[in-house]
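S.K.: Next comes the sequence, and after it the predicted model I'd like to discuss.
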Amino acid sequence: MKAITQEITEELLAVMDMYQRIARQLIDQLILETDQPDRTAILAGAYHLLINADVIHGEEELTGNWYFDVHGEHCMFKNTETGQTLEVFLGSPADVGNMDPYFFYNFIKTTPELAYLTSYFENPFKDMLDFFERMEAQHVLIHVHGVAYRKMICLLAI
């Protein structure tokens, strides 16, 4: 892994906020734009009940060209125009903000204006996990479970 300066660290932390914000927006779209059979429970926070339901407006994708695939405890969103990809944790509303090191790396790699940041991570999973663990030691991230982490403070103006 290349040395990560304080400036790059701050940039990566801002990107985490962006990731979490987009993840929440996409989950909201998934709930509102698909015919979810357990909508009432999902709206009450039971995100683990989300399924690959039909899009209400008859299209294959959510508004904004977002393809989605609910699988297990995640939902993969991919923008069919830009290629930007987010893998979002399901379970509860709080879980949506969780980040896996490789999924976060993939988000950076598939976001054209951020792709240059991948040069800091020669081994995508291991190096990003090392970065996450360093941020946990500094009380910026919290370890949720497995290799899932969550940023403690989300900056809203990004």
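M.R.: Nice, thanks for sending it over.

S.K.: Poorly predicted segments of this protein, please.
M.R.: 1, 153-158 (pLDDT under 70).

S.K.: So which residues of it form helices?
M.R.: Using DSSP state H, the helices of the chain run over 6-33, 39-43, 101-109, 124-137.

S.K.: which residues are contacting the second one?
M.R.: Applying CB atoms under 8 Å, 6 or more residues apart in numbering, the external contacts of helix 39-43 come out as 31, 36, 49-50. The way it works is simple: take the backbone N, C-alpha and C, and place the C-beta from them, glycine included.

S.K.: out of those residues, which are buried?
M.R.: Burial by neighbour count, 16 or more other CB atoms under 10 Å: within the contacts of helix 39-43 this picks out 36, 49-50.

S.K.: can those go into CSV with extra columns for distance to Thr85?
M.R.: Shown next, in CSV, are the buried ones among the contacts of helix 39-43 (distance: CB to CB, whole Å):
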residue, distance to Thr85
Gln36, 22
Leu49, 23
Leu50, 18
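
S.K.: Let me know the closest of those to Arg24.
M.R.: Set against Arg24, the nearest of these by CB to CB is Leu50 (13.6 Å).

S.K.: show me what contacts the closest residue in space to Tyr19 that isn't next to it in sequence?
M.R.: Of all residues not flanking Tyr19 in the chain, Phe107 sits nearest, at 5.4 Å (CB to CB, 6 or more residues apart in numbering). Residues near Phe107 by CB under 8 Å, 6+ apart: 15, 19, 84-87, 114.

S.K.: Many thanks, I have nothing further to ask.
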